[in-house]
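Asks: What follows is a predicted structure for the sequence shown.
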Amino acid sequence: MQASKRLSAKCIEQLRLEIEDSRGNEVFALGFLDGKGLVTRLEVRARGNKESVLALQNWSGDTADPSDPDDLSHTPDVLIHNHPNGFLVPSDADLNIAGRAAEGGTGFFIVDNTAAKVYVVAEPRRRRKRVMLDADTICAALETGGSIARRLEAHESRPSQLDLMRLIIRGFNEDSMVAAEAGTGVGKSFAYLLPAMRYALENDERIVISTATINLQQQLYDKDIPLVNGALNKKLKAVLIKGRGNYLCRRRLTDALRETDLFDDAEDLERIAAWAETTAAGSRSDLSFLPAETLWSRVCSEADLCMGMRCAERERCFVLALRKEAADARILVVNHHLLFADLAARAEGAGYDSTVVLPPYTRVIMDEAHTMETAATSFFSKDFSRLSVYRQLGRSRYSMKEAQTPPMASSRRVMDFTSQTAGSSALSSGTVSSISRIRPARRAIFLRSSKSSGSRVVVILFSSAGVSRKAHSF
């Protein structure tokens, strides 16, 4: 294939000169696509010999401007190198690298030494043009007479809420981490829902909203999100995801119905069976009564007891149906426990581009963040007993090396907003202390595979009262 079909004339000449300066040896470069799918920018990363070259895929990022909506090159789109012998057939090593890169949507090209011919080993994934958020337009929805304000009874415009919203919008546009502390009554929910839903709608990205309590989850899903959807005039699909134990397992229910004589509350079991035939979601919160914990534990879904595709009820499984719904949604409302369970699995090798506990997502909003310490600790810590410590000491005849925490795999900026907080002139000392000490959570949120593409932003919202109670225990 002619290289001009895939690379701009400028990039072809740049690549040819680089190969010539390298005396015809192999050169490895990163390519960046424009909106038409043509490589219009190159960044040479390594030079080798006649047989091989280092495949250095880490991008320096010196020339990209993430705040520029026309600059889509936040990560490389194509890996490019030459074959000095002119034989443009991928080697086993080429195929191995191309396969790993393709998992993240990165393409792989091989060119000859004149950069006139190109062999496309893997097609790059085309990027959508990123749409930036307009702060004035979005904030107008919560000002007097705005599209949201008109739908709320006795609504009053609150400067602290608008300030918080502008900060969150800036975080989305600049791919920054935002941490904000806001007291009760500021209106945090709408301050992050409006930017998040608008961004998800315009850029077709999936955003996770994590909370600490089911009550807030239900409020967001049942009231706030539908209200914002109405104001947007476009329906954005949102799904509420609870822990697996909140959903009914039809197979376990069938087994329990065969053993009703063993249950003291057989009447409630029959009521659950009747409800199972009419419920759409199978969520415990949809029941018209509160079953005993011992009864629900006999019929709820449990990962250890799930038969997966071998289950006779798989076609009617509530958990599988929920996963299908979540795969189509752009807003996922979850709790901190589920979020950290997902992050832990991904950090341990499950990857960031496939479904684990949750479908893959690009941005996270954590409300009630002052409570995430417990959830993060449960997944990113280890318990030791005296016996286990003695056993470990017995195995080691030398002093134990102190565990080192790897640095964050991210060069993202963290906003300095000591003068930009909702309803406060500066973050409280408790909040600052909390942010600096949540090491496992911070590492999990920012630990990204080098193959992954796309921008990331995390919005963390603290309750003023919550931080002051929890900060001492970090």
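Replies: Arrived safely, thanks for sending.
Asks: Tabulate the CA atom coordinates of the helix or strand containing residue 208 in CSV.
Replies: For residue 208, the enclosing helix or strand under DSSP states H and E is strand 207-211. What follows is the C-alpha trace of strand 207-211 in CSV, where atoms were taken according to Å, rounded to 0.1, in the frame of the first residue of the first chain:
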residue,chain,number,x,y,z
ILE,A,207,-18.8,7.7,33.7
VAL,A,208,-19.1,6.1,37.1
ILE,A,209,-20.7,7.9,40.0
SER,A,210,-19.9,6.2,43.2
THR,A,211,-21.6,6.9,46.6
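Asks: other SSEs contacting it?
Replies: Under the contact criterion of 3 or more C-beta pairs under 8 Å, 6 or more residues apart in numbering; DSSP states H and E, strand 207-211 touches helix 188-203, strand 331-335, helix 336-345, strand 363-366. In short, each C-beta sits where N, CA and C put it, glycine included.
Asks: hmm, try it at 6 Å
Replies: strand 331-335, strand 363-366 (3 or more C-beta pairs under 6 Å, 6 or more residues apart in numbering; DSSP states H and E).
Asks: need the next SSE after that strand, C-terminal direction.
Replies: Taking DSSP H and E as the definition, the helix or strand that follows strand 207-211 towards the C-terminus is helix 214-219.
Asks: Quick one: name whatever helix or strand follows that next one.
Replies: helix 225-232.
Asks: Let me have the helices and strands packed on strand 207-211 in CSV, adding mean pLDDT, mean neighbour count and distance to residue 251 as columns.
Replies: Converted to CSV, the helices and strands packed on strand 207-211 look like this (pLDDT from 0 to 100; neighbours: other C-beta atoms under 10 Å; distance: least, C-beta to C-beta, whole Å):
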stretch, mean pLDDT, mean neighbour count, distance to residue 251
strand 331-335, 95, 24, 25
strand 363-366, 94, 23, 33
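Asks: For residue 35, find the nearest of these.
Replies: Between residue 35 and the helices and strands packed on strand 207-211, the tightest spacing by C-beta to C-beta is seen for strand 363-366, at 22.4 Å.
Asks: Pull up the pairing partners for the closest one, direction included.
Replies: In the sheet containing strand 363-366, its partner strands are strand 207-211 (parallel), strand 457-463 (parallel), by DSSP bridges.
Asks: Confidence-wise, which of those strands is weakest overall?
Replies: Averaging pLDDT over each of these singles out strand 457-463 as the lowest, with a mean of 62.
Asks: Can you pull the poorly scored residue ranges out of the stretch 351-474 of the chain?
Replies: Across the stretch 351-474 of the chain, the stretches falling below the confidence threshold (pLDDT under 70) are 397-474.
Asks: got the contact list for residue 384?
Replies: Applying C-beta atoms under 6 Å, 6 or more residues apart in numbering, one finds that residue 384 lies in contact with no residue.
Asks: Now do it against residue 76, distance only.
Replies: 43 Å (C-beta to C-beta, to the nearest Å).
Asks: mind checking how far residue 367 is from residue 219?
Replies: Per C-beta to C-beta, residue 367 is found 11 Å from residue 219.
Asks: The two - which one has more neighbours?
Replies: Counted by other C-beta atoms under 10 Å, residue 367 and residue 219 do not tie: residue 367 has more neighbours, with 25 against 15.
Asks: wait, isn't the more buried one in contact with residue 211?
Replies: Yes. Under the contact definition of C-beta atoms under 6 Å, residue 367 touches residue 211, with a separation of 4.8 Å.
Asks: which residues sit in contact with residue 44?
Replies: Going by C-beta under 6 Å, 6+ apart, the list of residues near residue 44 reads 18, 29.
Asks: mind checking the SS state of it?
Replies: Here residue 44 is strand, with the state taken from DSSP: H, G, I helix; E, B strand; the rest coil.
Asks: per-residue pLDDT, it?
Replies: Confidence for residue 44, expressed as pLDDT, is 93.
Asks: Low-confidence stretches in the stretch 151-300 of the chain?
Replies: Judged against pLDDT under 70, the low-scoring parts of the stretch 151-300 of the chain cover residues 263.
Asks: Apply 50 and report the result again.
Replies: Low-confidence regions of the stretch 151-300 of the chain, defined by pLDDT under 50, are absent; no residue qualifies.
Asks: related to what we said a few turns ago, Provide the contact partners of the strand holding residue 208 at residue level.
Replies: Residues lying outside strand 207-211 but in contact with it, judged by C-beta under 6 Å, 6+ apart, are 196, 200, 217, 331-334, 336, 339, 361, 363-368.
Asks: Can you tell me how far the residue of the chain positioned farthest from its centre is from residue 269?
Replies: Largest separation from the mean C-alpha position in the chain: residue 261, at 46.6 Å (C-alpha atoms, centre = their mean). Relative to residue 269, residue 261 is positioned 11 Å away (C-beta to C-beta).
Asks: Look up phi and psi at the residue farthest from the centre of the chain.
Replies: Dihedral angles of residue 261 (phi, psi; degrees, to the nearest 10) stand at phi -70, psi -20.
Asks: So which of the contacts of strand 207-211 is the closest to residue 355?
Replies: When the contacts of strand 207-211 are compared for distance to residue 355 (C-beta to C-beta), residue 361 comes out closest, at 10.2 Å.
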